[in-house]
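# Show me how the following folds:
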Amino acid sequence: MLDYATLKVIWWLLVGALLIGFAIMDGHDMGVMTLLPFVGKDDEERRVVINTVGPHWEGNQVWFITGGGAIFAAWPLVYATAFSGFYWALIAVLWALFFRPVGFKYRSMVHNPTWRGAWDWALFAGSFVPAVVFGVAFGNLFLGVPFSFDNNMVSTYTGSFWALLNPFALVCGLVSATMLIMQGGAYLAHRTVESVQDRTIKFASIAAVLMVVLFIAAGVWLQSIPGYVITSTIDPQGVANPNVKEVTREAGAWMANYNKMPALWVFPALGVVMPLLTVLLMKARWTLTAFVTSSLAVVGVIMTAGVSLFPFVMPSSTFANSSLTVWDSVSSHLTLMIMLYVVVIFLPIVLTYTSYAYAIMRGKVTKAYIRENDHTVY
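Numbering: from 1, shown residues only. Coordinates of the predicted model:
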């Protein structure tokens, strides 16, 4: 059996992998739906756009559910604190996501331009709003979240929804949104032809360039934000109790891991270089390769955030010692071990099935395909 400290790091990596999987898989259909009103100029073109993700969007939601479930089981203190503190933000995400299933199912059932146009914008909102809110949440982690624990490990949150919408967090929200638009655009460009593909490449290229600018701006800004540092001795094998450590805030602390291990700069580099390479590949019509480079950009951005925060998961701006870290916010040794067995068994099955589903449903979605299958597709 693996030791407790090793399992804590493994589950930090696994939660990160689930977030990356969510951003790549569910993120690309969110990006496609965000582009929907802009790249489809008539009803037929918009149905082409919708049906590029139609067979897969429900399956991609599994990444979102699994990510939430993994945080609940592996990091229960993080789950409880985040879902309490970010309650209204998460409610906004859920309300927006409600538009997606009903939008996909009912949008094309009524032959009325007003009806279909309204659902097109609902699908846009159901994809764009969550993308922004997820980025805003990550931005607030670097600023610190106003919560603390008492002696009974009951958390108290003293912030508000509007306080989450601060300038730095909003920049992070725009990084997230433009990143998913780029990701969705690369996928949509691969699945479409002619005018829809041309418009997609145009808008996705703009999103990719904006993402690079905003990502660099957020990185420069982050260097002026005091980070968190553990100043007391940490027992990696210890049980979950965040209040027993001592934490201070220091200027430049969010860059500490990069200074200790310069090789980690590969992740910010991916976040800058890969989007620009994605633009070039899309313009050359190497769309499948563009989707790969776009996915690498997603890996770079998310890992940049994770590496900068490590070992912190959810820092506290109210009482720094209550900050949740990889070492003191996890489940028991046995729970983490059982969950690892589950992941080892079921994750390859999920990946195999997903790959098979995409393989048999590959190919271009065209107007002719929509006309031939008018009553069976979205």
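
# What segments of the stretch 101-250 of the chain are helices?
Using DSSP state H, counting those that start in this stretch, the helices found in the stretch 101-250 of the chain span residues 113-143, 161-164, 167-191, 194-222.

# any chance of those in CSV, plus mean pLDDT?
Shown next, in CSV, are these (pLDDT from 0 to 100):
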stretch, mean pLDDT
helix 113-143, 94
helix 161-164, 88
helix 167-191, 96
helix 194-222, 96
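
# Pick the most buried one from those helices.
helix 167-191 (a mean of 26; mean count of other C-beta atoms under 10 Å). The way it works is simple: take the backbone N, C-alpha and C, and place the C-beta from them, glycine included.

# what about the strands in the stretch 251-378 of the chain?
Taking DSSP state E, counting those that start in this stretch as the criterion, the stretch 251-378 of the chain contains strands spanning 312-314, 324-325.

# so which of these gets nearest Leu164?
Leu164 lies closest, by C-beta to C-beta, to one member of these: strand 312-314, at 13.4 Å.

# Just the terminal-to-terminal distance for stretch 256-268.
14 Å (C-alpha to C-alpha, to the nearest Å).

# re the thing from before, among the helices of the stretch 101-250 of the chain, which comes closest to Ala256?
The minimum distance between Ala256 and those falls on helix 194-222, with 12.0 Å, by C-beta to C-beta.

# what separates the closest one from the chain centre, distance-wise?
Offset of helix 194-222 from its chain centre (C-alpha atoms, centre = their mean, to the nearest Å): 16 Å.

# and the angle for it with helix 167-191?
Angle of helix 194-222 versus helix 167-191, following axes from the mean of the first three to the mean of the last three C-alpha atoms, to 10 degrees, is 150 degrees.

# Helix 194-222 to helix 113-143, inter-axis angle?
Angular relation of helix 194-222 and helix 113-143 on a 0 to 180 degree scale: 20 degrees, by the same axes, to 10 degrees.

# Buried residues in the helix or strand of the chain with the lowest mean pLDDT, which are they?
Least confident helix or strand, the chain: strand 155-157 with a mean of 84, by mean pLDDT, DSSP states H and E. For strand 155-157, the neighbour count (16 or more other C-beta atoms under 10 Å) marks Ser155, Tyr157 as buried.

# same check, this time on stretch 339-357
Neighbour counts over stretch 339-357 (16+ other C-beta under 10 Å) mark Met339, Leu340, Val343, Thr354 as buried.

# With distance to Ile65 as extra columns, can I get the helices of the stretch 101-250 of the chain in TSV?
Below are the helices of the stretch 101-250 of the chain laid out as TSV (distance: least, C-beta to C-beta, whole Å):
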stretch	distance to Ile65
helix 113-143	13
helix 161-164	23
helix 167-191	18
helix 194-222	26
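
# Out of those helices, flag the one nearest Val330.
Taking C-beta to C-beta, helix 113-143 is the member of the helices of the stretch 101-250 of the chain nearest to Val330, at 17.2 Å.
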